[in-house]
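Novice: this one's structure only:
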C-alpha cells in the first residue's frame, strides 16, 4: 500500500466524523465540526474543503461571522467565534468556485468591519487573505470590496503594518488587483485621500525593503503615479508635503539604479523618476536627502547622475532595438507594431528625463547658487554628449533608410534641439551633416515639417550670428524651412505652440541670414517672399506689442530688397491691401522710434536704411510714411 493510501485511510474517518458533526442539528455540533476542519483540512486539498463547505452551508458561516463581530449580541466566546469564522472562510476561499460565490461576496462588508476593529489581532492575516481570494475570484467581489470602503480601511491599516510582512504583501496584491481592474479615475473620485496615504505607505516599502516586495512597490507606484488616468492624483500630490513620501521614492530609485537588477526594473525606476520630475520639477532630482538631521549633498548628486546614466543606457539600447524593428524585422505584423509602440514609449520617458536634466543644468549655470559643483557638471556634460551622439546616429540611420516621418524621429530632434540650445557647437560635424534632414522631419500627424523646426530654432538663432552658421543653414535650404515655420506661427492659419518665444527665435534666425545675404548668397523664391510678407502683415495687424511690430517691420524692410511693388502686385496671391498694411507697419515703427528714445535703434536703423535702398521700387511707401 502506498503512502498516499495510508494517509487517505487515516484521514477518512476524521473527515467523515467532521461531516457528521457539520450536518448536525445543533450549533454546538457544527462548531465542533469546524474546529476539526481547522486541524486536518489542508489548504491544497480542495476536494475535502468543498465537501466540508457543502456540509456546513453558507448561512451558518454568515451567522457565525456576525456573532464573532458582535452584530448578534455580546457573547463570552465572541473573539473565539470571530477567529474560527475568519479562519474557515479563508480556508474555504482557497477553492476558486467557493470564493467566487455570491455567498462569499456578501461576507466582504463583515470581514472589512472585522478588519477595521481588530487592529493587531491574530485574525488580520486571514481577513486579508479572504478579501484577496474573493476579490480575485470574481469581478463582483472586487466591486463589493471597493463599494464597502475597502480602500479606506486598507489605507488606515497599511501605515501600521510591519515592513515587508506577509500582511503588507497581501495588501500589495489587493492594490494590484484593484488597479488592474478599475479605472484610477473612479478610485480617485471615491477616495483620493486614501490613495494618498496608500502611496505614502508604498513609498516607504520601496525605500526600506531589499527583497522582491521592493519591485512590487515600484510597480504599484508606477501604476498610480504614471498612469494616463493619474492627472488628478498628481495634482493632489503637488499640494501635499513631500517630506513623508517623496524622499522615500528617491531612495528607492537610487537603490534600484545602483544595484544589479533586471533591465526591466531599471526602466521602471526611470518611469517613476520621470513621473516625480513631471510633478515637482527637475529640481526634484537634486533635492537633498536629510540624514540624521543633516543635508546629504552626495546623495542628491548621486541621484541625478544615476538617472542620467541609466537614461543614456536605455536610449542607446532602445534606439538600437527600434532601428532593427523598423528597418530589418518583418514588417506589417502585429507583434512588430506592438514592440515598436512599446519601445517608442520607453524612449520618450528616457528622452524626457534627459531634457529635464538639460534644463536643470541650464538653470544651475544661470543662477548664483552652488547646487552642482564643477566636477559634477563635467560628469553630466560628458554623459549628455554621449547621449546626443547616440541620438544623432539614430537619425543618420533613419536618413539612410529615407525615413523622415515618425514621432520617434521628431522626439529625437527635440532632445537634440534642447541640448544644442545650451551648447550650439556640440557635435558640430554631425549636426551640420544632418541639419537639412532634421529640418525635414515630420511627426505622425504632420503634413509638412513644423515642430522639428521649432525645436531647432534656439540653436539656429545662435549659429546664424556667425557667417559659418549662416552658410550651413543656407546650404541645406534651411531658410525656407524657417520661413515656412514662421508663417505657421504668425499667419492667418497659425498653429498653437507652447512658447511664443519661438516666433522671436524664428525672427532672429531670419534676420541673421538676411543681414548677411551678400556674404552667404541667399536666394529667395517669389512664393516664399509672398508667403512671408502676408504672414508679417497678419502678425502686425493682430498685435499691439511694439517689439513685435519692430521685428516685423525690420524683416519686411530686408525682404523688400528682393522684389518690387510692381512684382508683388502682379502676383496672384498678393494684393494692395496686404502691401498697404506693410507700409503702415513700417510707418508706425519709424514714428515710434522717433518718439521713443528707448526703442530698439538697431531695428529702426534696419528699416531706415532699407527704405533708402529700395524706396524707388515702391512708389507708395513715401506717401504712407509721410502720412
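Specialist: Ah, there it is. All values derive from a computational prediction rather than experimental measurement.

Novice: Need the residues that contact the helix or strand that contains residue 87.
Specialist: Assigned by DSSP states H and E, residue 87 belongs to helix 78-92. With contacts defined as CB atoms under 8 Å, 6 or more residues apart in numbering, helix 78-92 is touched by 31, 34-35, 37-38, 41, 43, 49, 52-53, 61, 64-65, 67-70, 75, 98-99, 104, 107, 111, 114, 118, 122-123, 126-127, 129-130, 133. From N, CA and C alone the C-beta is placed, and that goes for glycine too.

Novice: Apply 7 Å and report the result again.
Specialist: 34-35, 37-38, 41, 43, 49, 53, 61, 64-65, 67-70, 75, 98, 107, 111, 114, 122-123, 126-127, 129-130 (CB atoms under 7 Å, 6 or more residues apart in numbering).

Novice: so residue 560 makes contact with residue 614?
Specialist: Yes. At 5.0 Å, residue 560 and residue 614 qualify as touching, with contact defined as CB atoms under 7 Å.

Novice: between these two, who's got more neighbours?
Specialist: residue 560 (23 against 18; other CB atoms under 10 Å).

Novice: you'd agree the more buried one is in a strand?
Specialist: No. Assigned with DSSP: H, G, I helix; E, B strand; the rest coil, residue 560 falls outside any strand and is helix.

Novice: Quick check: what element follows the helix or strand bottoming out on mean pLDDT in the chain along the chain?
Specialist: Least confident helix or strand, the chain: strand 294-296 with a mean of 49, by mean pLDDT, DSSP states H and E. Downstream of strand 294-296, the next assigned helix or strand under DSSP H and E is helix 297-327.

Novice: re the thing from before, for the helix holding residue 87, could you pull out the residues that count as buried?
Specialist: By 16 or more other CB atoms under 10 Å, the buried positions in helix 78-92 come out as 81, 82, 83, 84, 85, 86, 87, 88, 89, 90, 91, 92.

Novice: where does the fourth one land on pLDDT?
Specialist: Think residue 84. Among the per-residue scores, residue 84 shows a pLDDT of 87.

Novice: Distance of it relative to residue 111?
Specialist: Applying CB to CB, to the nearest Å, the value for residue 84 to residue 111 is 14 Å.

Novice: Which members of the contacts of helix 78-92 are positioned in helices?
Specialist: 34-35, 37-38, 49, 53, 61, 64-65, 67-69, 98, 111, 114, 126-127, 129-130 (DSSP state H).

Novice: Which element, helix or strand, includes the nearest residue to residue 219 once chain neighbours are set aside?
Specialist: Among residues not flanking residue 219 along the chain, residue 268 sits closest, at 6.6 Å (CB to CB, 6 or more residues apart in numbering). Taking DSSP H and E as the criterion, residue 268 maps to helix 263-280.

Novice: Likewise for residue 195?
Specialist: Using DSSP H and E, residue 195 falls in helix 184-208.

Novice: quick one: average pLDDT of that helix?
Specialist: Mean predicted lDDT for helix 184-208 stands at 78.

Novice: likewise stretch 22-41?
Specialist: 74.

Novice: How about residues contacting it?
Specialist: So stretch 22-41 is contacted by 11, 14, 17-18, 21, 48-49, 52, 55-56, 60, 84, 87-88, 91 (CB under 7 Å, 6+ apart).

Novice: what do you get for stretch 206-226?
Specialist: The contact list for stretch 206-226 (CB under 7 Å, 6+ apart) reads 163-164, 168-169, 172, 175-176, 179, 184, 195, 199, 202-203, 205, 230, 233-234, 248-249, 251-252, 256, 265, 268-269, 271-272, 275.

Novice: Contacts only, for the residue nearest to residue 615 when sequence neighbours are not counted.
Specialist: With CB to CB, 6+ apart as the criterion, residue 615 has its nearest non-adjacent residue at 5.6 Å, and that residue is residue 621. The neighbours of residue 621, taking CB under 7 Å, 6+ apart as the test, are 583, 611, 615.

Novice: So which of those residues wins on neighbours?
Specialist: Tallying neighbours with other CB under 10 Å puts residue 583 at the head of the contacts of residue 621, with 21 neighbours.

Novice: Surely that residue is in contact with residue 622?
Specialist: No. In this structure residue 583 lies outside contact range of residue 622 using CB under 7 Å: 9.4 Å.

Novice: overlap in contacts of these two?
Specialist: Joint contacts of residue 583 and residue 622 (CB under 7 Å, 6+ apart) do not exist.

Novice: On the three-state scheme, residue 444 is what?
Specialist: coil.

Novice: How confident was the prediction at the residue lying closest to it once chain neighbours are set aside?
Specialist: Nearest non-adjacent residue to residue 444, counting by CB to CB, 6+ apart: residue 407, 5.1 Å away. Looking at residue 407, its pLDDT reads 94.

Novice: try residue 17
Specialist: For residue 17, pLDDT reads 75.

Novice: Spit out the contact partners of it.
Specialist: Counting by CB under 7 Å, 6+ apart, residue 17 touches residue 36.
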